Every structure is written in C-alpha cells, then in structure tokens.
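Student: Need a 3D model of the sequence below.
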Amino acid sequence: MLYAYSVLDFYLNSLGTAVANRMAENDAVLMMPDGGDGDSAIDDSALTGQPLYAMEVANPGSAWYTGNDYKHRDVTLEEIFHMVHDTGIGTTYNPQAAPTVSRTIADATKNALPTDEKDWGTSGLWGFDSADWLKELNQKDSIEQEYMASVIDSYYGMWDAYPEGDRGMWRIYVAKTRSDIKAKDPVGYAAITAFLPADYTVFFRVGPTFDSTFEMLPRAPYGAKSRYLTSVALTGDRGTGLVGNDRDNVLMGQLR
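Tutor: Below you'll find the model as predicted:
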C-alpha cells in the first residue's frame, strides 16, 4: 500500500495541483483487492474504482522485485497512471484538467499506430500481434491510456530484464528500455519527458522481507528499476543496508 502511495505521489507531484484537484472532484478511487486480475475471490462488481491487485504489485525489496519475476509483473506504474490519466489528465474523448499533456499523449499514440487501421497489430511501434485488442481499446476510448502505460513501463526500467526478445510490455511495444524509446519511438520519448522527470522524485520504502543491501545502481540484478530511485528508506528489523547512486540521494535506515 505504501508503494502504491509513493507511485501516486510521484505522478501527482509531477503533474501538479490541477490534476490532483480534478481527481478529487471526480472521486477517483484506487482499490487494492487480493488475488490477481481475473483470479480473485472479489467479484468485479464490487470494484468501484481503479483496481490494483495484490498479485500484481512488486514493491522495492520484495522477492518479485529483486528477482525480476514476470509471473508477478508489477503493474503499479501502469494501473495508477490509468487512474490519473482518466480522472485527472484527461483523454481525447474525456477532457479533464491537463489538455496539453492529454494532446501530447494522443499525438504520440497516433504516431505509434499505422495510419490504416487494417494494419494495426502488424506494423507500427506498438500493439504487435494484438489487432483485436487494439480495436477493442479503440471502441472503449482507452487506447491512449494503454499506449502511454507501455512507454512509462519501459522508461522506468520495468522491462529491461524481460528475457523474451527485445521489446517491452509482453513484446507488444517496440521499445524495451529507455534508450530504445529515444531511438525507436522519439515521439513517445518526447511525450513522456514533457510531463514526467527522469528519476523518481519521492520516497520509496524497501519492503521488510528484504535482508541484504539494496542497491540503487545498474549493476544490481534489479538495477534497471532501482537506478531511477533517489530517496529510499529501509523498513523492518533485518540487517539491511543501502547503496545510493549519483543523484542527490536521501537514504534512511529502518522505519518501523
């Protein structure tokens, strides 16, 4: 829950008060049910907000995070941004508080897809082998949200360790890493850098089950993700440590 709080805090700090206020006006709610999407004891009808399932959260320091476990892919960045996008930023068909950001994302989405819809899923920069899904998203007015989530995940290192090929987001996005985005999807790169910073600007907490030294460096097995952290606190009561990076770090010992 604290990890989700940090991610939401990061987005809202980056996007500003107008987006946060609009989300409040729209009664935006993040729900964190047990299980996974499609595999939960909680019926979908009970979910009145944006869901973020327990089996799909890999907070820093967890075994899923340090082991780059894609059986438990961390969707926290994606799902929370969906909520912020829909209820705060706005989209082409649902304008909200940040029309400039919304338009930038819409233009990047359009650039990532072939001009002719019949070519969706076979060419372009995003949506490979997913033609039916893309058409469904387009009908639901959620195609911009899903494209931008793919860019965000690759930008913050979530797919660097993925062992199957050189694409991101289950191989549907041409860019697997931040450098890939810049080289292969420059319009997407310009879009994300227009409203999100290069590094996380809020505190993250290393989970209490972690029992080693947490490194915020590329050399760590999970370093593709942790390299973008700047401020980190340890939790729990194990003999853990922190190694920072070349940013202006704030590092804190165990918070209990």
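Student: mind listing what the spatially most central residue of the chain touches?
Tutor: Among the residues of the chain, the one closest to the centroid is Leu77, at 2.3 Å (CA atoms, centre = their mean). Shown in contact with Leu77 (CB atoms under 8 Å, 6 or more residues apart in numbering): Val7, Ala149, Ile152, Asp153, Tyr156, Met158. Every residue, glycine included, has its C-beta placed from N, CA and C.
Student: Find the nearest non-adjacent residue to the second one, please.
Tutor: Right, the one you point to is Ala149. Glu78 (4.1 Å; CB to CB, 6 or more residues apart in numbering).
Student: Over to Pro234. Which of the three states is it?
Tutor: For residue 234 the amino acid is Leu, not Pro. Three-state assignment for Leu234 (DSSP: H, G, I helix; E, B strand; the rest coil): strand.
Student: Would you agree it is in contact with Leu242?
Tutor: Yes: contact criterion CB atoms under 8 Å: Leu234 and Leu242 qualify, at 6.3 Å.
Student: who's more crowded, the two?
Tutor: Leu234 (23 against 17; other CB atoms under 10 Å).
Student: Report the separation between Asn138 and Glu117.
Tutor: Remark: distance between Asn138 and Glu117 (CB to CB, to the nearest Å) = 8 Å.
Student: I should have written Thr91 there, sorry.
Tutor: 18 Å.
Student: and what of Val232?
Tutor: Counting by CB to CB, the gap from Val232 to Glu117 is 45 Å.
Student: Also Val243?
Tutor: According to CB to CB, Val243 and Glu117 sit 49 Å apart.
Student: any idea which element the residue nearest to the centre of the chain lies in?
Tutor: Using DSSP states H and E, the element containing Leu77 is helix 76-84.
Student: Check what pLDDT Leu255 gets.
Tutor: According to the prediction, Leu255 has pLDDT 59.
Student: re the thing from before, what's the overlap in contacts for Leu234 and Leu242?
Tutor: By CB under 8 Å, 6+ apart, the residues touching both Leu234 and Leu242 are Val206, Phe214.
Student: all helices for this structure, in order.
Tutor: Taking DSSP state H as the test, the helices found in the chain are 2-15, 17-25, 63-66, 76-84, 99-112, 131-139, 143-155, 178-184, 186-195, 223-226.
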